[in-house]
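J.: Take a look and give me a structure for this.
(one chain, ligands or ions: 1)
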Amino acid sequence: QGDFSLRGKGAAKVVILGAGVAGLIAAYELGKAGYDCTLLEAGSRAGGRNLTLRGGDRLTELNGPAQDVKFGEGVYFNAGPGRIAPWMVTLDYCRELGIPIETFINNNAAAYVHTNGQTVRARTARADMYGYVAELLAKATNLGALDRTITKADQETLLDFLRRFGDLGPKLEYEGSDRRGFTKFPAIGGGTPVEAPGTLHQILAAGTGRSIIGDFGYEQATPMFQPVGGMDAIVVKLKEAVGEDRIKTGAKVTKITTLADGVEIAHTGGVVKADYCIAALPPHILAKIPHNLGAQITTALATPAPVAAGKIGLEYGRRWWELEDRVYGGVTETDLDITHIWYPSHGYHSERGLLVGYYNTEHEAELYGSLSPEDRRNRALTQGKKIHGEKYRQNVLASASIAWHRQEHIQGGWVRWPSFDSSFTLLQRPAGRVYFAGDWLTHLIAWQAGAMESARGAVTQLHQRVLQSP
Ligand code: PHE
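T.: Numbering: from 1, shown residues only. As a prediction, this is how the structure comes out:
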C-alpha cells in the first residue's frame, strides 16, 4: 500500500465503533498508514457476525438462555459466514494475512432436494428438470414455434444442444438418463438405476425445480472457499495485526458527537475523543444511539430493515452422510422450515463431524429463534429425519444454535434496503467527522466482502481528507 501513507502528517486519531469485520478492516488498513485507532466493541469479543463456535464457548442470547457449547476437540461451527466466493476481497485478505483456505462445496450432485415430501438426489432433480425442459423446447422448435425467431440452421444447432443438455433420446424425448444416478453403483455389473423419472406433471408438481438453482447466482457459483479450521481465523489474524490493546470490549456507545475539530464518543466505560470516527455498527443499532449528526441521518439509518437469520450446528459421532449416503460436503435444499442442510467440506472420514441442520431466514428464523435451544434441536432433527431417516436422530453428540436477530448488539442476520436510494448514498459519505461502514452500505449485503469493501471505502475517504487538511 505505497499510496497509503500519511506523508509526514501527524498520526490522526480515529475511533472505530464496532469490532466486527468492517471495524477490524478499517483499523487494520488505517494502522498500515500509522493512524492511531481505538475500537469500541459493545460485546465481549471482536468479530461481530464472524463467529465460529467450539467446545467450551458460551453463547448468550437476548431474552433467552445461554448455551454452553460442548463440541468435541477439533469440531467447529461457523455460526455466521461460512462461504467465500473467489472474486471477493475476503480471499485477498486471507492471502495477505496468511490464512490457509480450502474448498467449500456449495453444489454437490449427491446431496438432496426435498420438496413436497419427496427426497431425491440433486443430480436426479437436475437431470429431470433439464431433460423435460429440453424436450419441451425441442418439441416447440419442431412444431415451428421458433420459425419466425431463428433460422432453420440455428434450430438444428439448438436441437443438437438440447439433445446433449437434456440427454434426450433419438426422438428428442426425455426418457431418464444415467445422469439421474444409481441405487447400486455400476461396477462389474451395470448397476441399478434409481427409479424411473415421474411424468413432467409429477416433476413440476413436486416442485424440485425451485431447488436446483441455488448456485446459479454470481455470488454462489462453485467453487467457493472457507478458511481451514474455521471462519474466525480472519478475526484472529486481524486482531493480531491491529493489536488487541486497541480493542475495548464491553464498551457500548451511548452518544456520538461530531465537533468542528474532532469527535467525542461516550460509551459505557467513559468518553473517547478523536479526530475522526468510523461507525461500523448495524444501522438499526446506530439509529438508536443519540447523536448530533442531524435528523436526516437518523431517518437514513432507520431505513434498512433487519432480516432474521438462524443456524444450528449438529455434531454427530459418526459421519453417516459419508459412510451411508456418500455425501461429501455440499448443501441439501428443502421446502421445510430448516431450508438447508450443509454437510462439512472438511474432515472427511474423521470420526466426528458437524452438520448445519438449519440455515434459515425471516419467518423460519424467527420461528426457530423463538424456541428454546432444546426445542430448536428437536425440531431440526425431526425435519432432517424426513430426508435422511432415523439415523439423523442418532449419534448426536452436541448442538448449538444461533438466532442472529437475538444477538444483543447485532439484532439481525443482515438488513434489507427497501431500495438503494438517497439514504443509502447519504450514509456512504461522512456526516461531519463521522464515517459509516458495514456490509449494509454495499451491494454485497450479508457478505464479509461487503464489510471489507465498505471499510476500505470509508478509510480511503478519510485519508484523502486528512491529506488535504491543513
Ligand atoms: N452470504 C450469505 C450466504 O451465502 C447470505 C446470502 C445468501 C447472500 C444468498 C446472498 C445470496 O448464505
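J.: Same question for stretch 52-71: list its buried residues.
T.: For stretch 52-71, a neighbour-count test (16 or more other CB atoms under 10 Å) marks 52-55, 57, 59, 61, 67, 69, 71 as buried. Glycine gets a C-beta too; all of them are placed from N, C-alpha and C.
J.: Between those residues, which sits nearest I278?
T.: Proximity of those to I278 (CB to CB) peaks at T52, which lies at 24.8 Å.
J.: Looking at the buried residues of stretch 52-71, which is nearest K152?
T.: T52 (58.5 Å).
J.: I figured that closest one hits V75, correct?
T.: No. Counting by CB atoms under 8 Å, T52 does not reach V75; the two are 10.6 Å apart.
J.: End to end on stretch 353-372, go ahead and measure it.
T.: One end of stretch 353-372 sits 23 Å from the other (CA to CA, to the nearest Å).
J.: tell me which residues in it are buried?
T.: For stretch 353-372, using 16+ other CB under 10 Å, the buried residues are 353-361, 364-369, 371.
J.: Filter those down to the ones in helices?
T.: 364-369 (DSSP state H).
J.: how about those residues, which pair is most distant?
T.: Using CB to CB, the pair of those lying farthest apart is E364 and G369, separated by 9.3 Å.
J.: shared neighbours of the two, which are they?
T.: Shared contacts of E364 and G369 (CB atoms under 8 Å, 6 or more residues apart in numbering): G310.
J.: returning to that earlier point: of the ones in helices among the buried residues of stretch 353-372, closest to I402?
T.: Lowest distance from I402 to those (CB to CB) belongs to G369, with 8.8 Å.
J.: any idea how far G310 is from the closest one?
T.: According to CB to CB, to the nearest Å, G369 and G310 sit 5 Å apart.
J.: so what sits against both of those two?
T.: Common contact partners of G369 and G310 (CB under 8 Å, 6+ apart): 403, 405.
J.: Which secondary structure elements does the helix or strand harbouring T141 sit against?
T.: Using DSSP states H and E, T141 maps to helix 122-142. Helices and strands touching helix 122-142, by 3 or more CB pairs under 8 Å, 6 or more residues apart in numbering; DSSP states H and E, are strand 112-115, helix 152-166, helix 200-206, strand 330-334.
J.: Quick one: closest of those to N292.
T.: strand 330-334 (46.7 Å).
J.: how far out from the middle of the chain is that closest one?
T.: Distance of strand 330-334 from its chain centroid, counting by CA atoms, centre = their mean, to the nearest Å, is 15 Å.
J.: try stretch 252-269
T.: 32 Å.
J.: which other residues reach it?
T.: Stretch 252-269 is contacted by residues 15, 17, 40, 42, 248, 250-251, 271-277, 279, 281, 289-293, 409, 431-434 when judged by CB under 8 Å, 6+ apart.
J.: Selection in PyMOL covering whichever of those residues are buried, please.
T.: Of the contacts of stretch 252-269, the buried ones can be selected in PyMOL as follows, counting by 16+ other CB under 10 Å:
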select buried, resi 15+17+40+42+248+251+272+274+275+276+277+279+281+289+291+293+409+431+432+433+434
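J.: Among the contacts of stretch 252-269, which are located in strands?
T.: 15, 17, 40, 248, 271-274, 276-277, 279, 434 (DSSP state E).
J.: tell me the two of those residues that are most distant?
T.: With CB to CB as the measure, no two of those lie farther apart than K248 and V434, at 18.2 Å.
J.: What is the neighbour count of the closest residue to the ligand within the chain?
T.: Closest to the ligand within the chain is A446: 3.8 Å, counting by CB to the nearest ligand atom. A446: 20 surrounding residues under other CB atoms under 10 Å.
J.: pretty sure it contacts G413?
T.: Yes. A446 is in contact with G413 according to CB under 8 Å; the separation is 6.9 Å.
J.: one step back: between the ones in helices among the buried residues of stretch 353-372, which sits nearest M224?
T.: A365 (21.9 Å).
J.: which ones are touching the closest one?
T.: 308-310, 403-405, 413.
J.: if you set the cut-off to 6 Å instead, what comes out?
T.: Counting by CB atoms under 6 Å, 6 or more residues apart in numbering, A365 touches 308-310.
J.: Most neighbours among the residues you listed, which one is it?
T.: Taking other CB under 10 Å as the neighbour criterion, G310 ranks highest of the contacts of A365 with 27 neighbours.
J.: Doesn't that residue lie inside a strand?
T.: Yes. Under DSSP: H, G, I helix; E, B strand; the rest coil, G310 sits within a strand.
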